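Q: what's the 3D shape of this:
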Amino acid sequence: MIRRALLPAVLLLVPGVLDAASRPSFDDLVANLKSPNAKTRQEAAAELGKSRRREAVTPLAALVRDPEFKVRLVVVKALRELRDPSGVPALVTLLGDGDPEIRVETTSALVEIYAEVERTGPVGRFLKLFSDETDPTKVETYVQVEPSVFDGLAKGLRDENASVREASALALGILGGSSKRKEIVAAFQDPVPDVRAAAAIALGKVGAQEDGRALISLLADESMEVKNRALTALGVLRVPEAGPPLRELYEQNRRKEWGLKVLETLSRIADPRQADLFLQLVQDPDPERKRLAVEGLGRISDSSRLPAFKKDYQRERNEDVRLAYAFAITLMGDRAFLDSLVLSLTSRTGDRSRGYILETGRPILPDLYPYLSDSDAGVRAAVCDIVGALGDPDAIPRLQPLVSDPNANVADRANRAIERLRRARASR
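A: I've put the predicted structure just below:
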């Protein structure tokens with residue numbers, strides 16, 4: 001009797017015991033989704049999202065048409081937390097929800113699930129920050145997005161709510177919705193600048209060179225944000241037809257900040273007709289203009305300029321411009337200068353060096369492989385990342401020995417690169 005009397009007191013001394021006993025079980029939470037009380041349904045949906053149990057998807061999906069807004073909103077967030085592909089059909093249904101806030105939240109949830117990222121902060125800010133249009137997409141190429149997702153997002157481009165239209169455009173770019181290029185281009189006529197800018201970002205990520213011609217009209221847009229996004233997308237897609245109008249814009253804004261952005265796009269599109277401008281700017285005292293001119297000539301890849309470029313490389317004192325020369329000379333065919341790019345991967349200019357190497361594409365791989373044995377662990381690790389990003393599964397045997405590298409960082413990076421390439425091979 002004395003022992004039984006002491007039991008409640010003992011339980012009180014054990015943290016969490018009574019809380020655990022009072023918490024509803026998984027089955028109770030599923031049952032609570034059918035409660036006539038909206039608050040009970042809402043709380044149950046939230047807890048099921050935190051459970052991370054795949055079995056929660058089906059009962060949650062049954063609430064996509066719940067009459068209460070708050071319940072449906074929590075269902076979206078719960079499905080996002082569960083991160084299970086089986087929840088995608090329910091989210092596609094919620095893309096057509098009657099409330100615009102839910103439609104935007106659902107769009108973000110789909111991006112988070114497929115791209116395997118965790119959102120922090122407001123939805124609109126997250127999608128904009130995540131939409132780096134200099135990358136083809138933000139999801140890996142081996143990720144298979146359900147066609148119904150693209151259909152739902154394309155419909156969102158015509159939504160009555162501007163925030164939904166903007167989010168839909170950004171999501172189509174992030175998820176690689178190349179099948180909806182026509183719908184994205186149609187959004188260039190949207191009355192809201194943020195939507196037009198989002199559509200330009202999306203086309204830069206999923207469009208082809210011929211699609212990019214439609215971006216030229218946006219260079220005259222009333223919104224500077226739209227013009228800047230169009231500039232970047234034109235550079236990514238390398239639209240040669242944009243050369244003359246961009247040249248005209250540059251001449252009009254030569255000494256303005258925007259003129260430098262125009263020049264950057266001109267440098268990227270590799271239009272041979274602009275070689276005379278680049279040759280002028282190679283003599284410019286401003287290192288930024290000079291760097292962009294060197295990059296532009298490199299992308300045009302006229303090998304007859306190789307001797308002069310090698311001489312200029314030796315004489316150049318500015319580190320950024322020297323790196324641009326190394327990039328240009330590598331593109332022109334002299335792979336000995338790849339060494340300068342690779343050895344810069346661990347320096348202040350590492351991000352730019354990485355971009356230069358990735359731009360050369362898979363043909364550079366045979367010249368990269370020797371650096372997997374470099375004495376500098378930082379170089380080995382950085383090259384592992386690049387080899388993985390270039391996406392050629394045939395590189396796996398080259399990376400395999402580095403899984404046993406004495407440097408833990410190198411071993412981890414090699415392992416991740418191998419897994420990335422294996423998934424790419426499996427998706428073929």
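
Q: pull the distance from stretch 267-275 to the chain's centre.
A: 26 Å (CA atoms, centre = their mean, to the nearest Å).

Q: again with stretch 26-40
A: The answer for stretch 26-40 is 38 Å, by CA atoms, centre = their mean.

Q: stretch 196-204 too?
A: Offset of stretch 196-204 from its chain centre (CA atoms, centre = their mean): 13 Å.

Q: dump it to PDB, restricted to CA.
A: Taking C-alpha atoms only, stretch 196-204 is exported to PDB below (Å, rounded to 0.1, in the frame of the first residue of the first chain):
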ATOM      1  CA  ARG A 196       7.300  39.900 -65.200                       C
ATOM      2  CA  ALA A 197      10.600  39.800 -63.300                       C
ATOM      3  CA  ALA A 198       9.800  36.400 -61.900                       C
ATOM      4  CA  ALA A 199       8.900  35.100 -65.400                       C
ATOM      5  CA  ALA A 200      12.200  36.400 -66.800                       C
ATOM      6  CA  ILE A 201      14.100  34.600 -64.000                       C
ATOM      7  CA  ALA A 202      12.200  31.400 -64.700                       C
ATOM      8  CA  LEU A 203      12.900  31.500 -68.500                       C
ATOM      9  CA  GLY A 204      16.600  32.100 -67.800                       C
END
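
Q: ok, the residue lying closest to Leu203 once chain neighbours are set aside - how many residues close by?
A: Computed as CB to CB, 6 or more residues apart in numbering, the closest residue to Leu203 that is not its neighbour in sequence is Ile184, at 5.1 Å. No exception for glycine: its C-beta is placed from N, CA and C like everyone else's. Number of residues near Ile184 (other CB atoms under 10 Å) recorded here: 29.

Q: the helix or strand containing Ile184 packs against which elements?
A: Using DSSP states H and E, Ile184 sits within helix 181-186. Secondary structure elements in contact with helix 181-186, counted by 3 or more CB pairs under 8 Å, 6 or more residues apart in numbering; DSSP states H and E, are helix 162-175, helix 193-206.

Q: list the buried residues of it.
A: Within helix 181-186, the residues that qualify as buried are Arg181, Glu183, Ile184, Val185, counting by 16 or more other CB atoms under 10 Å.

Q: residues touching the second one, list them.
A: In this structure, Glu183 makes contact with Ala154, Leu157, judged by CB atoms under 8 Å, 6 or more residues apart in numbering.

Q: swap the cut-off to 10 Å and go again
A: By CB atoms under 10 Å, 6 or more residues apart in numbering, the residues touching Glu183 are 150-151, 153-158, 168-169, 172, 177, 199, 202.

Q: just to revisit the earlier point, just put the helices and strands packed on helix 181-186 in CSV and tack on distance to Leu219, mean pLDDT and mean neighbour count.
A: Putting those into CSV (distance: least, CB to CB, whole Å; pLDDT from 0 to 100; neighbours: other CB atoms under 10 Å) gives the following:
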stretch, distance to Leu219, mean pLDDT, mean neighbour count
helix 162-175, 19, 95, 28
helix 193-206, 10, 95, 27
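
Q: among these, which is nearest Val139?
A: Checking these against Val139 by CB to CB gives helix 162-175 as the closest, at 5.7 Å.

Q: now find how far off-centre that closest one is within its chain.
A: So, by CA atoms, centre = their mean, the centroid of helix 162-175 is 13 Å from its chain's centroid.

Q: output the contacting helices and strands for it.
A: Packing partners of helix 162-175 (3 or more CB pairs under 10 Å, 6 or more residues apart in numbering; DSSP states H and E): helix 100-115, helix 123-130, helix 147-156, helix 181-186, helix 193-206.

Q: switch the cut-off to 7 Å
A: helix 100-115, helix 123-130, helix 147-156, helix 193-206 (3 or more CB pairs under 7 Å, 6 or more residues apart in numbering; DSSP states H and E).

Q: mean pLDDT lowest for which of the ones you listed?
A: Mean pLDDT values for the helices and strands packed on helix 162-175 show the minimum at helix 123-130, a mean of 64.

Q: could you dump the helices and strands packed on helix 181-186 to CSV with distance to Thr360?
A: CSV is the format used below for these (distance: least, CB to CB, whole Å):
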stretch, distance to Thr360
helix 162-175, 24
helix 193-206, 20
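
Q: picking up where we left off before, make TSV out of the helices and strands packed on helix 162-175 and add distance to Leu234.
A: Putting those into TSV (distance: least, CB to CB, whole Å) gives the following:
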stretch	distance to Leu234
helix 100-115	25
helix 123-130	19
helix 147-156	23
helix 193-206	8
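
Q: which of these is buried the deepest?
A: Sort those by mean neighbour count, taking mean count of other CB atoms under 10 Å, and helix 193-206 sits at the top with a mean of 27.

Q: just the angle for the following helix or strand past it relative to helix 193-206, thanks.
A: Helices and strands here follow DSSP H and E; after helix 193-206, the next one along the chain is helix 224-237. Calculated by axes from the mean of the first three to the mean of the last three CA atoms, to 10 degrees, helix 224-237 forms an angle of 10 degrees with helix 193-206.

Q: could I get the buried residue list for helix 224-237?
A: Val226, Lys227, Asn228, Arg229, Ala230, Leu231, Thr232, Ala233, Leu234, Gly235, Val236, Leu237.

Q: cool, stretch 332-350 as well?
A: Counting neighbours by 16+ other CB under 10 Å, stretch 332-350 gives Met332, Phe337, Leu338, Ser340, Leu341, Val342, Leu343, Ser344, Leu345, Thr349 as buried.

Q: out of the helices and strands packed on helix 181-186, flag the one nearest Glu222.
A: Closest among the helices and strands packed on helix 181-186, once you apply CB to CB, is helix 193-206, at 7.5 Å.

Q: elements contacting the closest one?
A: helix 162-175, helix 181-186, helix 224-237.

Q: please save the CA atoms from the last one in PDB.
A: Yep, that's helix 224-237 we're talking about. Taking Å, rounded to 0.1, in the frame of the first residue of the first chain, the C-alpha atoms of helix 224-237 are listed here in PDB:
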ATOM      1  CA  MET A 224      14.400  48.400 -63.600                       C
ATOM      2  CA  GLU A 225      14.000  45.200 -61.700                       C
ATOM      3  CA  VAL A 226      12.500  43.600 -64.800                       C
ATOM      4  CA  LYS A 227      15.200  44.900 -67.100                       C
ATOM      5  CA  ASN A 228      17.900  43.600 -64.800                       C
ATOM      6  CA  ARG A 229      16.300  40.200 -64.600                       C
ATOM      7  CA  ALA A 230      16.000  40.100 -68.400                       C
ATOM      8  CA  LEU A 231      19.700  41.100 -68.700                       C
ATOM      9  CA  THR A 232      20.800  38.200 -66.600                       C
ATOM     10  CA  ALA A 233      18.500  35.700 -68.300                       C
ATOM     11  CA  LEU A 234      19.700  36.800 -71.800                       C
ATOM     12  CA  GLY A 235      23.300  36.200 -70.600                       C
ATOM     13  CA  VAL A 236      22.500  32.700 -69.200                       C
ATOM     14  CA  LEU A 237      20.700  31.700 -72.400                       C
END
